[in-house]
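> I would like the atomic coordinates for the input below:
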Amino acid sequence: MRNSWIICKKELRSYFVSPVAYILLGLFAVVFGFFFWTGVRYFNDMGMQSMMRGQSFPMNINEQLIRPLVSNASVVGLFLIPIITMRLFAEEKRTGTIELLATSPIRDSEIIAGKWLAALLLYGAMLLLTAVNFVWLFAYGNPDWKPLAIAYLGLFLQAGAMLAVGIFISTLTRNQIIAGTVTFGVCLLLWIMEWVSGFEASTWATVLSYLSVLTHFDSFSKGVLSSKDAVYYVSLIAIGLFLTARSLESLRWRA
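Alright, predicted model coming up:
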């Protein structure tokens, strides 16, 4: 565990000594801030219009404001996660330092855990920036914090799963652009596989829909903590890290 933490700190340092971390943090904060501003404006406008017309408007902040915001944050993460993972092993292979890692006394599992944890902590910092918007919302509104906490847990688990996939892909090439592009393509495929359930009801469509990361995020976005969906994300993390370990093992043997 100590070696994993050393690797994690090294990777976090490499993120923040370059513009990568600051660009990701700033971009995520600005995009989410725009979503938050437009969402609040729309929510307020709908409330005002219903009052002026004398109509009953169910003012549910969690359902009509927070849930769409969290879903939008999930979409933004889909585009930024490949940027976080593309350099983790591809850069090591390009610079030749992967041989040092492969022949070092540090176990592969410690290397993988450290790099994955660093990527997850960077994504966590991005999510933390969005909490500033919700602090403002709690100061002037009365939302329920429990569904929001569960939704953030879903974001964190979903990101962990896609980061694990991205780390595996990063071990397959020395080109960061290729690693990022393939990671985005695979994550997008895992995202849109749920769409087949809208027009197909056969067994293969049900299986594809179940394998989609979007299917399992729906309950979290509603504030429902489902063990089935949590197990899916944890399983995807385990599979991604396992494949990464096998890929690193092959590199170690070749070294």
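> Let me see the ranges of the helices in the stretch 101-250 of the chain.
108-140, 145-170, 176-192, 203-211, 213-221, 227-254 (DSSP state H, counting those that start in this stretch).
> among those helices, where is the model least confident on average?
Mean pLDDT is lowest for helix 203-211 out of the helices of the stretch 101-250 of the chain, coming in at a mean of 79.
> Next, the angle helix 176-192 makes with that one.
120 degrees (axes from the mean of the first three to the mean of the last three C-alpha atoms, to 10 degrees).
> neighbouring contacts of helix 203-211?
190, 193, 194, 196, 197, 215, 232 (C-beta atoms under 8 Å, 6 or more residues apart in numbering). Bear in mind the C-beta positions are built from the backbone N, C-alpha and C, glycine included.
> how close does the fourth one get to residue 187?
Meaning residue 196. Per C-beta to C-beta, to the nearest Å, residue 196 is found 17 Å from residue 187.
> Let me know the pLDDT of residue 51.
64.
> before we move on, what about residue 65?
The model reports residue 65 with a pLDDT of 79.
> before we move on, what about the one 10 residues further on?
pLDDT, residue 75: 90.
> and residue 185, how many residues sit next to it?
12 (other C-beta atoms under 10 Å).
> what do you get for residue 69?
With other C-beta under 10 Å as criterion, residue 69 counts 22.
> thought it was touching residue 37?
No. Here residue 69 lies out of contact with residue 37, judged by C-beta atoms under 8 Å, at a distance of 10.5 Å.
> Tell me the first helix or strand C-terminal of the longest helix seen in the chain.
Secondary structure of the chain per DSSP state H: the longest helix is helix 19-53. Per DSSP states H and E, the first helix or strand lying C-terminal to helix 19-53 is helix 61.
> Now the element after that following helix, going C-ward?
Criterion used, DSSP H and E; the element after helix 61 is helix 67-85.
> helices or strands up against that next one?
Counting contacts by 3 or more C-beta pairs under 8 Å, 6 or more residues apart in numbering; DSSP states H and E, helix 67-85 is packed against helix 19-53, helix 108-140, helix 145-170, helix 176-192, helix 213-221.
> now those in a markdown table, with distance to residue 242?
A markdown table is the format used below for those (distance: least, C-beta to C-beta, whole Å):
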| stretch | distance to residue 242 |
| --- | --- |
| helix 19-53 | 27 |
| helix 108-140 | 9 |
| helix 145-170 | 9 |
| helix 176-192 | 16 |
| helix 213-221 | 18 |
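> Quick one, which of the ones you listed gets closest to residue 238.
Nearest of the helices and strands packed on helix 67-85 to residue 238, taken as C-beta to C-beta: helix 145-170 at 7.9 Å.
> tell me how far the closest one is from the chain's mean position?
Chain-centre distance of helix 145-170: 4 Å, with C-alpha atoms, centre = their mean, to the nearest Å.
> quick one on the thing from earlier: helices or strands next to the longest helix of the chain in the packing?
Helix 19-53 packs on helix 67-85, helix 108-140, going by 3+ C-beta pairs under 8 Å, 6+ apart.
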